[in-house]
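# Could you look at this predicted model? Sequence included:
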Amino acid sequence: MDLSAVIAIIRRGQLERVEKGLREIGVRGINVSKVKGYGEYHNFFTADWMVDSVRLEIFTRKERVDAIMAAILETGHTGSPGDGIVVVYPIERFVNIRLRSDVTPDNV
């Protein structure tokens with residue numbers, strides 16, 4: 001099974017644009033979580049320097065990874081420090097809980 005997980009941490013304010021860009025290229029499923037952290041950009045006005053961001057998780061076929069990354073980079077970019085990151089992981093197994101079996105998802 002040639003599946004990958006595309007993980008992106010982006011600015012909260014860019015989420016709507018990124019979601020729209022992903023829908024336009026046919027991504028039919030994403031997970032979105034609110035997260036806090038710091039890296040390139042720190043919020044010096046908070047005691048812990050944390051910045052509110054969102055984390056996207058997209059499970060997809062390997063051949064779609066470049067298009068998904070390009071859509072995230074294009075729609076998530078503001079040019080300012082703290083725009084975020086994109087990471088790709090290989091998926092060893094993908095199991096549908098309802099079916100209780102390994103599957104190659106049709107919607108990825």
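That came in fine, so what should we check first?
# Now do the buried residues in stretch 65-82.
65, 68-69, 71-73, 75-76, 82 (16 or more other Cβ atoms under 10 Å). Quick note: C-beta positions are derived from backbone N, CA and C, even for glycine.
# Might one say that residue 94 is in contact with residue 2?
No - when contacts are counted by Cβ atoms under 8 Å, residue 94 is not listed as touching residue 2 (10.6 Å).
# Which elements pack onto the longest strand anywhere in the chain?
If each strand of the chain is counted by residues according to DSSP state E, the longest one is strand 51-61. Contact analysis of strand 51-61 by 3 or more Cβ pairs under 8 Å, 6 or more residues apart in numbering; DSSP states H and E lists strand 3-11, helix 15-24, strand 31-37, helix 65-76 as its packing neighbours.
# ok, now with 7 Å
Contacts defined by 3 or more Cβ pairs under 7 Å, 6 or more residues apart in numbering; DSSP states H and E place strand 51-61 against strand 3-11, strand 31-37.
# Check the offset of it from the chain's centre.
Between the mean C-alpha location of strand 51-61 and the chain-wide mean there is a distance of 3 Å, by Cα atoms, centre = their mean, to the nearest Å.
# Any idea which helix or strand in this protein has the lowest mean pLDDT?
strand 101-102 (a mean of 80; mean pLDDT, DSSP states H and E).
# That one pairs with which strands, and in what direction?
strand 95-96 (antiparallel) (DSSP bridges).
# Show residues contacting the strand it pairs with.
Applying Cβ atoms under 7 Å, 6 or more residues apart in numbering, the contact partners of strand 95-96 are 101-103.
# same check, this time on stretch 14-23
For stretch 14-23, the external contacting residues (Cβ under 7 Å, 6+ apart) are 10, 30, 32, 54, 56, 68, 71-72, 74-76, 78.
# Of all pairs in those, which one is the farthest apart?
Spatially, the most separated pair among the contacts of stretch 14-23 is 30 and 78, at 20.2 Å (Cβ to Cβ).
# Centre of this protein to the edge, which residue is at the far end?
In the chain, the greatest distance from the average C-alpha position (Cα atoms, centre = their mean) is reached by residue 47, at 27.4 Å.
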